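In: Give me a model of this one.
(one chain, ligands or ions: 2)
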Amino acid sequence: MDLDELTARLPKVSLHTHLIGSVSASTVLELARKHDVDLDAAVGRPGCTADDLYDHESYDDLDEFLRVLDVVGAVIRDADDFHRVTYESLTAGGAAHGVLYREIMLSPPGHPGVPYATILDGVIAGARDARADTGIASGLVVALNRNDSAAAGLQLVEEVIADRREEVLGVGLDYSEAIGPPEKFWRAFALAGRAGLHRTAHSESGPPHHVETILDLLGGERIDHGYHVVDDPDLTARCVSERIPFTCTPVSSDIGRYSGSGDGTHHRIREMVDAGLCVTIDSDDPPMFGTDPTHDYRVLARALGYGLDELAQFTRNAVDGCWLDESDKQTLR
Ligand code: ADE
Ligand code: ZN
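Out: Residues are numbered from 1 along each chain as shown. Ligands and ions are numbered 1, 2, ... in the order given. Okay, here's the model as predicted:
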């Protein structure tokens, strides 16, 4: 089997995909029309089409990328919209690439004015229909926006607890690491931990001590990205021995250039794998970065010369690192 076929057919488990970042450009255009949103004005470019909405070459810094992400989030408004984007992300964006199980990251603050319950109602219905039609299973991670205040993060966790749904497995932390270092959200994460929610957080461009803070202060069980952990040998050894999963996203972090990975994210990922860290592979925001689950595996495999053994290990790592009960994990093994 050649690499293209192998990467397409390999069973995958996905722990790092954002719902807002999973919406195809054509769906964004349709939703903008449905809600009378002037997309040209929102994007700041006249004559915006499905072909140029996601101009990934322009994501020189995270803020530029997040600006487009906010435009997309603002056109997803009612439960039908959330049903649609979840269904599309899990079927065409997931099951069609061999994804058996995905933990989807939701960003409620990215949908201004939309009640949390509306988001959950639509997403859960979309996930149920995707499972019925393709067999893909999923869980939800509610991400706090680190550009917001600590109080806003705490309020979101309170909402997650007040409107508790079994599909919501845990909380995460995304957006700008420079604006919101992990310690800013210690209260929100402590509350989430007391409520029995799992916890993860992004650390993409930040120094290794952010990884340490996520583990020790926020009670993080996984790290999203985490490329700079290998700059600290003691911390790396600790993460190896505790088998902390790092959800790496080769294509988005390379294009984004804000990961600070220097000569390419795949070199960082090779260092992480060689150090014995528990690495998983994912797409982050697939259509926004012109990628998909198969493409991420393929790009990494080509760059690092990986074959079936190495690629299958990424999937095994994701099974170990996912937040399903042990008995449900067994069905993926
Ligand atoms: N939200 C969606 N994608 C993100 C990324 N790569 N970094 C931070 N926040 C995000
Ligand atoms: Zn991410």
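In: Figure out how far the lowest-mean-pLDDT helix or strand in the chain is from the centre of its chain.
Out: In the chain, the helix or strand scored least confidently by mean pLDDT, DSSP states H and E is helix 250-256, which has a mean of 82. Counting by C-alpha atoms, centre = their mean, to the nearest Å, helix 250-256 is centred 13 Å from the centre of its parent chain.
In: contacting residues around it?
Out: Residues outside helix 250-256 that contact it (C-beta atoms under 8 Å, 6 or more residues apart in numbering) are 56-57, 59, 62, 65, 204, 225, 227, 259, 261, 264-266, 269, 281, 283-285, 288-291, 295-296, 299-300, 303. All C-beta atoms are positioned from the backbone trio N, CA, C, and that covers glycine.
In: Give me the subset of these that also touch ligand 1.
Out: Applying C-beta under 6 Å from any ligand atom, the subset of the contacts of helix 250-256 adjacent to ligand 1 comprises 204, 284-285.
In: tell me which of those is nearest to Leu69?
Out: Distance to Leu69, by C-beta to C-beta, is smallest for Asp285 among these, at 7.1 Å.
In: what secondary structure does the closest residue to the closest one other than its chain neighbours sit in?
Out: Leaving aside its sequence neighbours, Asp285 sits nearest to Gly21 (C-beta to C-beta, 6 or more residues apart in numbering; 2.5 Å). Following DSSP: H, G, I helix; E, B strand; the rest coil, we place Gly21 in the helix state.
In: Start at 120, not 1
Out: Right, with 120 as the first residue, what we last looked at is Gly140.
In: what residues does the stretch 270-419 of the chain put near ligand 1?
Out: 293-294, 321, 323, 371, 403-404.
In: Farthest-apart pair in those, please.
Out: Top of the distance list for these (C-beta to C-beta): Tyr294 and Ser371, 14.3 Å.
In: which one of those two has more residues nearby?
Out: Ser371 (29 against 22; other C-beta atoms under 10 Å).
In: Excluding residues flanking it in the chain, which one is nearest the more buried one?
Out: Nearest non-adjacent residue to Ser371 (C-beta to C-beta, 6+ apart): Asp403, at 3.7 Å.
In: close enough to count as contact, Ser257 and Leu225?
Out: No. Ser257 lies out of contact with Leu225 (C-beta atoms under 8 Å); the separation is 11.2 Å.
In: Arg283 - how many residues pack around it?
Out: 11.
In: quick one: low-confidence parts of the stretch 320-452 of the chain?
Out: 375-382 (pLDDT under 70).
In: could you pull out the strands for it?
Out: With DSSP state E, counting those that start in this stretch as the criterion, the stretch 320-452 of the chain has strands at 341-344, 364-367, 397-400.
In: Save these as CSV, and put in mean neighbour count too.
Out: Below are the strands of the stretch 320-452 of the chain laid out as CSV (neighbours: other C-beta atoms under 10 Å):
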stretch, mean neighbour count
strand 341-344, 27
strand 364-367, 27
strand 397-400, 25
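In: show me the contacts for the residue nearest to Asp404.
Out: By C-beta under 8 Å, 6+ apart, Gly140 lies in contact with 188, 191, 403-407.
In: Angles on the backbone of Gly345, please.
Out: The phi and psi values for Gly345, taken as degrees, to the nearest 10, are phi 80, psi 30.
In: Check whether it really touches Cys367, as I assumed.
Out: Yes. Counting by C-beta under 8 Å, Cys367 is a contact partner of Gly345 at 7.5 Å.
In: intersection of neighbour lists for the two?
Out: Joint contacts of Gly345 and Cys367 (C-beta under 8 Å, 6+ apart) are Met391.
In: C-alpha coordinates for stretch 341-354, CSV please?
Out: Output of stretch 341-354 as CSV, limited to C-alpha atoms (Å, rounded to 0.1, in the frame of the first residue of the first chain):
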residue,chain,number,x,y,z
ARG,A,341,-3.3,17.0,27.9
ILE,A,342,-1.5,19.9,26.1
ASP,A,343,-2.7,21.2,22.8
HIS,A,344,0.4,21.7,20.6
GLY,A,345,3.1,22.0,23.3
TYR,A,346,6.0,22.2,20.8
HIS,A,347,8.3,24.1,23.2
VAL,A,348,8.2,21.3,25.9
VAL,A,349,11.4,19.9,24.3
ASP,A,350,13.3,23.1,25.2
ASP,A,351,13.2,21.8,28.8
PRO,A,352,14.7,18.4,29.2
ASP,A,353,13.5,17.9,32.8
LEU,A,354,10.0,18.8,31.9
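In: Check the offset of it from the chain's centre.
Out: With C-alpha atoms, centre = their mean, you get 17 Å for stretch 341-354.
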